[in-house]
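Peer 1: Provided below for reference: sequence and predicted model.
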Amino acid sequence: MTTSEAVAVLPEELDRWLESQPWFRARGPVTCERATVLHHGDPALVHLVLACKGRRYQLLVGVRDALPERLEHARIGAAGERVAYEAVYDPELTAVLLGHFEDLAEVAGLRFRGAVPPRYAAAPVGRPFPGPQRNCSIVYGQRHVLKFFRELTPGDNPELVLHDALHSVGDPHIAAPQGSLESELDGVRTTFAVLHEFVPLGALGWPMATASVRDFLANPSDDPQSAGGDFAAEAHRLGRAVAKVHADLRETLGEQVAGPGDEVEFVAALHTRLDAALDEVPSLAEFEAGIRARFDAVLATGEPIRLQRVHGDLHLGQVLRSPHTWVLVDFEGEPHGTAAERSRPRPAEHDVATALRSLHYAAAQLLVGADDVAMRPKAARWLEHNRDAFRAGYADVSPDRTLGGALLTAVELDRAVLEVRHEHRFRPEWMVIPLSAIAETVTGAPAWPV
Ligand SMILES: Nc1ncnc2c1ncn2[C@@H]1O[C@H](COP(=O)(O)OP(=O)(O)O)[C@@H](O)[C@H]1O
Ligand SMILES: O=P(O)(O)O[C@H]1O[C@H](CO)[C@@H](O[C@H]2O[C@H](CO)[C@@H](O)[C@H](O)[C@H]2O)[C@H](O)[C@H]1O
């Protein structure tokens, strides 16, 4: 198959198929910027770079003479006489991708880099990760996770940069990087995919924390420590893990103290994000003055802000508890930000704030729609207990870093404002969770649901 034949495999139905995909956020005519045949034959594998309204996406397309029943759900459309479908569902083609990493292949400027450890048994079968995700990850047995970024932005992806930096000093709280797929986009070296070691037997922080809340609410005791599923020891370990990752990021990628002008800019950015949220969510307006006052309080302290690379979107759905330790995944940074924003140094408080906000979500989510008011003070106690544990864990590793004060309050509010926008768009029934946290911070009074 030649490249021009590969472009011709673009099925007429592609536009309609793309519009039905939750990750495809552009609307308009789609053009194919690049088509690369990664494997010839039946099935064939074609890598596409698609452009739509200034955004770029990549897509792995399988092409077969006839689509077997087991791949019918992945059908994109007819490609001439053949059928095009999403290749990640086809183990024959995911094996081709892993093979390219093993061979360190380079195909028409697509470079498969890294060091995949030698196989000691039969090749692991690659299947798409089943859970909800923004990108597209292929899991190879219990050995590798290959994550293709759906949307492409020119440059090295923070996921690659931060993993490499942390791995270089042996940080134990990441999945070891094993490779990456890179190529040029707009003349700039760009990360298309990352390959990591699979973390076996990992449990996500979110179901662990929410199970603990459920356990405590069902328990007659008012003491979160006496409930069977107390999460505080894990929250403490998680705090330690985050502090270690931060310390390693400072060691490898540095830290800078923001100058007075930078601080003004930092606070101005918080206000700008609030402006955007107010335009979208009118119910935020009653808290506007209180939020802005908390933002401005950062400048009033006169204390310098220390900036470093951080995870950027650290919540309980981004941390895996392996049998050994907590592992942080998905270092792409804040999902709503531009490429430049996602790579920008931030205060370490940013990750602390998002993790603390996530504990609030865990405590509050069972109260949404529940009439039992007796649960509210209990959920609040669980939250306080676990927030304290997280912060104590962080302070154990980084005793010189005081967590708290005006900066932490401001970034927690900033995250809650972002969450309000996110819930307004995707889960309106949960908007009350970040709104209650904002209300409590600006009024000082306990707010519903916690
Ligand atoms: N190295 C890994 N080992 C095991 N599971 C992983 C690994 N990396 C990610 N996962 C799982 O895959 C899910 C999605 O990964 P993530 O990097 O957050 O993808 P996305 O950017 O698409 O959201 C995670 O929530 C986690 O459950
Ligand atoms: O995981 P993503 O990078 O896609 O992040 C987005 O979606 C998250 C999940 O909806 C969202 O996180 C919010 O909900 C979580 C519970 O589902 C909670 O633990 C987080 O604290 C809360 O922010 C995240 O905000 C959004 O950017």
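Peer 2: Perfect, I can see it now. Ligands and ions are numbered 1, 2, ... in the order given.

Peer 1: Provide the secondary structure category for G131.
Peer 2: coil (DSSP: H, G, I helix; E, B strand; the rest coil).

Peer 1: Neighbours of it, how many?
Peer 2: Neighbour count for G131, taken as other C-beta atoms under 10 Å: 8. In short, each C-beta sits where N, CA and C put it, glycine included.

Peer 1: what's the neighbour count on D372?
Peer 2: D372: 10 neighbours (other C-beta under 10 Å).

Peer 1: where's it, which helix or strand?
Peer 2: Using DSSP states H and E, D372 is not contained in any helix or strand.

Peer 1: any residue of the helix or strand hosting G239 up close to ligand 2?
Peer 2: In this assignment (DSSP H and E), G239 forms part of helix 232-253. No. On the criterion C-beta under 6 Å from any ligand atom, helix 232-253 is out of touch with ligand 2, staying 12.6 Å away.

Peer 1: Mind giving me the packing neighbours of the helix or strand that that helix is followed by?
Peer 2: Downstream of helix 232-253, the first helix or strand assigned by DSSP H and E is strand 255-257. Packing partners of strand 255-257 (3 or more C-beta pairs under 8 Å, 6 or more residues apart in numbering; DSSP states H and E): strand 306-308.

Peer 1: list the contacts for the spatially most central residue of the chain?
Peer 2: For the chain, the residue sitting closest to the mean C-alpha position, by C-alpha atoms, centre = their mean, is D330 at 4.5 Å. Residues near D330 by C-beta atoms under 8 Å, 6 or more residues apart in numbering: 159, 313, 318.

Peer 1: then whatever helix or strand the first one lives in to PDB, C-alphas only?
Peer 2: I take that to be E159. In the assignment (DSSP H and E), E159 maps to helix 158-168. The C-alpha trace of helix 158-168 is given here as PDB (Å, rounded to 0.1, in the frame of the first residue of the first chain):
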ATOM      1  CA  PRO A 158       5.000  16.800  29.700                       C
ATOM      2  CA  GLU A 159       4.100  13.100  30.300                       C
ATOM      3  CA  LEU A 160       7.400  12.200  28.600                       C
ATOM      4  CA  VAL A 161       9.500  15.000  30.000                       C
ATOM      5  CA  LEU A 162       8.400  14.500  33.600                       C
ATOM      6  CA  HIS A 163       8.600  10.700  33.500                       C
ATOM      7  CA  ASP A 164      12.100  10.800  32.100                       C
ATOM      8  CA  ALA A 165      13.200  13.300  34.700                       C
ATOM      9  CA  LEU A 166      11.700  11.400  37.600                       C
ATOM     10  CA  HIS A 167      13.100   8.100  36.300                       C
ATOM     11  CA  SER A 168      16.600   9.500  36.000                       C
END
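
Peer 1: mind listing the helices in the stretch 201-350 of the chain by residue range?
Peer 2: With DSSP state H, counting those that start in this stretch as the criterion, the stretch 201-350 of the chain has helices at 205-218, 232-253, 260-280, 288-300, 339-342, 349-364.

Peer 1: quick one: which of those helices is nearest P399?
Peer 2: Distance to P399, taken as C-beta to C-beta, is lowest for helix 232-253 among the helices of the stretch 201-350 of the chain, at 9.5 Å.

Peer 1: Let me know the closest of the contacts of D330 to ligand 2.
Peer 2: Distance to ligand 2 across these (C-beta to the nearest ligand atom) is lowest for D313, with 4.8 Å.

Peer 1: low pLDDT regions in the stretch 301-450 of the chain?
Peer 2: Counting by pLDDT under 70, the ranges of the stretch 301-450 of the chain that qualify are 450.

Peer 1: which stretches of it form strands?
Peer 2: 306-308, 319-321, 326-328 (DSSP state E, counting those that start in this stretch).

Peer 1: List the buried residues of the helix holding G239.
Peer 2: Buried residues in helix 232-253, counted by 16 or more other C-beta atoms under 10 Å: 232, 234-249, 252.

Peer 1: And for stretch 169-188?
Peer 2: The neighbour-count check on stretch 169-188 (16+ other C-beta under 10 Å) flags 171, 173-183, 185 as buried.

Peer 1: out of those residues, who's nearest A218?
Peer 2: After measuring the buried residues of stretch 169-188 against A218 - C-beta to C-beta - the closest member comes out as H173, at 31.8 Å.

Peer 1: Tell me which residues touch the closest residue to the closest one other than its chain neighbours, please.
Peer 2: Spatial nearest neighbour of H173, chain neighbours left out: A241 (4.5 Å); criterion: C-beta to C-beta, 6 or more residues apart in numbering. Contacts for A241 (C-beta under 8 Å, 6+ apart) come out as 173, 319, 325-328, 393.

Peer 1: What confidence value was assigned to A241?
Peer 2: What the model reports as pLDDT for A241 is 98.

Peer 1: From ligand 2, how far off is it?
Peer 2: Using C-beta to the nearest ligand atom, to the nearest Å, A241 is found at 16 Å from ligand 2.

Peer 1: What is the neighbour count of the nearest residue to E81 once chain neighbours are set aside?
Peer 2: Nearest in space to E81, with sequence neighbours left out and distances taken as C-beta to C-beta, 6+ apart, is D65 at 7.6 Å. D65 has 10 neighbours, counted by other C-beta under 10 Å.

Peer 1: surely D65 meets D42?
Peer 2: Yes. Using C-beta atoms under 8 Å, D65 makes contact with D42 at a distance of 5.3 Å.

Peer 1: May I have the residues that are in contact with the residue in the chain that ligand 2 sits nearest to?
Peer 2: Ranked by C-beta to the nearest ligand atom, the top residue of the chain for proximity to ligand 2 is S358, at 3.3 Å. By C-beta under 8 Å, 6+ apart, the contact set of S358 is 205-206, 209, 314-317.

Peer 1: Kindly provide the distance from it to V161.
Peer 2: 24 Å (C-beta to C-beta, to the nearest Å).

Peer 1: which one of the helices of the stretch 201-350 of the chain is the most hemmed in?
Peer 2: Among the helices of the stretch 201-350 of the chain, ranked by average contacts under mean count of other C-beta atoms under 10 Å, first place goes to helix 349-364 (a mean of 25).

Peer 1: so how far is that helix off the chain centroid?
Peer 2: With C-alpha atoms, centre = their mean, to the nearest Å as the basis, helix 349-364 stands 14 Å off its chain's centre.
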